[in-house]
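>>> Kindly return the folded structure for what I paste below:
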Amino acid sequence: MTFRSVVQANSHASVSIDLDQGCRLASLVVDGHELLVTEGSGPIDWGCYPMAPYAGRIRDGRFSFEGSDFALPRTVGRHAIHGTAYLQPWEQEGPTSFVTELGDPWPFTGFVRQEVHLEEDGIRLRLEVHAVERPMPASCGWHPWFRRTVAGAPLRLEFEPGFALKRDADGITTRVQVAVPSEPWDDCFGGVGLPPVVEWPGVVRLEIASDCPWWVVYTEPDRAMCIEPQTHPPDVLNHVPFVVEPGSPLVAATTISWRRG
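Model (predicted):
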């Protein structure tokens, strides 16, 4: 099977963008070191993929909007998770721009655009979620899977949230603010004052800056850690979602900058 990928590279780094696997960053190499998990048991657990037109879990795969009820495929247990764009093929629109259409199983027409710009000291990411025929609810973000160990160095996280959102008995994020719990985490955090940092000491240090105000951090797996900037908390379609109007997209930006050695 032939996979369509786009590679950007410079003297210090390279990134491979897999168009057939949800326009994910399938590989991110800095100074010869792979920083991402590059394979997994399914599409949800490797690379760095865009989450759209919603990020995180949607309870029971169901939500209501403008008086109508909608059902989504239940991709994790009883719940829908992380949108549809990471499961779809994308097309290259320009040297650094990629697009995929929204439709079935998402019950609205629209499209998602992702821009990926590799620079000497980092990578810039931008997402746009567009509605076409009528308004629709949306959220978006990114889901990177960082390796626990690179060149023998264990991953270290610097992260200073102000609070967490409580999860209920089903593991769904509520809107109740609580104190930051002890690790391991699979939680949504707000009040994050400084950009999160992931570091493999002596190898590379990454700073993740985003205009997204919410961060889901997943530290439970032994093989990886996920630090996910999101425009809204999980299950937003069942709360007060951002409404995308035709011609007025939801836009998010994230920059992953590195300091080497």
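
>>> in what helix or strand does the closest residue in space to residue 73 that isn't next to it in sequence lie?
Nearest residue to residue 73 in three dimensions, chain neighbours excluded: residue 105, at 5.2 Å (Cβ to Cβ, 6 or more residues apart in numbering). For the C-beta atoms, the positions are set from N, CA and C on the backbone; glycine is no exception. Under DSSP states H and E, no helix or strand contains residue 105.

>>> Identify the residues contacting residue 105.
Contacts were defined as Cβ atoms under 8 Å, 6 or more residues apart in numbering; by that measure residue 105 touches 72, 73, 84.

>>> how far away is it from residue 54?
12 Å (Cβ to Cβ, to the nearest Å).

>>> circling back: hmm, which of the contacts of residue 105 are the buried ones?
Neighbour counting by 16 or more other Cβ atoms under 10 Å classes 72, 84 among the contacts of residue 105 as buried.

>>> separation between residue 59 and residue 168?
Noted for residue 59: a distance of 9 Å to residue 168, by Cβ to Cβ.

>>> Give me the below-cutoff pLDDT ranges for the stretch 1-150 of the chain.
Across the stretch 1-150 of the chain, the ranges flagged by pLDDT under 70 are 1-2.

>>> Give me the phi and psi angles of the residue nearest to residue 73.
phi -90, psi 0 (degrees, to the nearest 10).

>>> now residue 236
Backbone torsions of residue 236, given as degrees, to the nearest 10, read phi -60, psi -30.

>>> How about the contacts made by it?
Neighbour list for residue 236: 54, 55, 56, 137, 139, 242 [criterion: Cβ under 8 Å, 6+ apart].

>>> residues near the residue lying closest to residue 11 once chain neighbours are set aside, how many?
Nearest residue to residue 11, sequence neighbours excluded (Cβ to Cβ, 6+ apart): residue 120, at 7.4 Å. Residue 120: 9 surrounding residues under other Cβ atoms under 10 Å.

>>> Quick check: residue 120 vs residue 161, distance?
According to Cβ to Cβ, residue 120 and residue 161 sit 30 Å apart.

>>> same question, residue 180
Relative to residue 161, and taking Cβ to Cβ, residue 180 is found at 6 Å.

>>> before we move on, back to that, who has more neighbours, residue 59 and residue 168?
The neighbour comparison of residue 59 against residue 168 (other Cβ under 10 Å) goes to residue 59, with 18 against 11.

>>> give me every residue that touches that one.
Applying Cβ under 8 Å, 6+ apart to residue 59 gives the contacts 78, 79, 170, 172, 235, 238.

>>> do the same with residue 252
By Cβ under 8 Å, 6+ apart, residue 252 lies in contact with 126, 127, 140, 141, 210, 211, 212, 229, 231.

>>> could you dump these to JSON lines with distance to residue 148 and secondary structure?
Shown next, in JSON lines, are the contacts of residue 252 (distance: Cβ to Cβ, whole Å; DSSP: H, G, I helix; E, B strand; the rest coil):
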{"residue": "126", "distance to residue 148": "28", "secondary structure": "strand"}
{"residue": "127", "distance to residue 148": "27", "secondary structure": "strand"}
{"residue": "140", "distance to residue 148": "26", "secondary structure": "coil"}
{"residue": "141", "distance to residue 148": "22", "secondary structure": "strand"}
{"residue": "210", "distance to residue 148": "22", "secondary structure": "strand"}
{"residue": "211", "distance to residue 148": "28", "secondary structure": "coil"}
{"residue": "212", "distance to residue 148": "24", "secondary structure": "coil"}
{"residue": "229", "distance to residue 148": "20", "secondary structure": "strand"}
{"residue": "231", "distance to residue 148": "27", "secondary structure": "coil"}
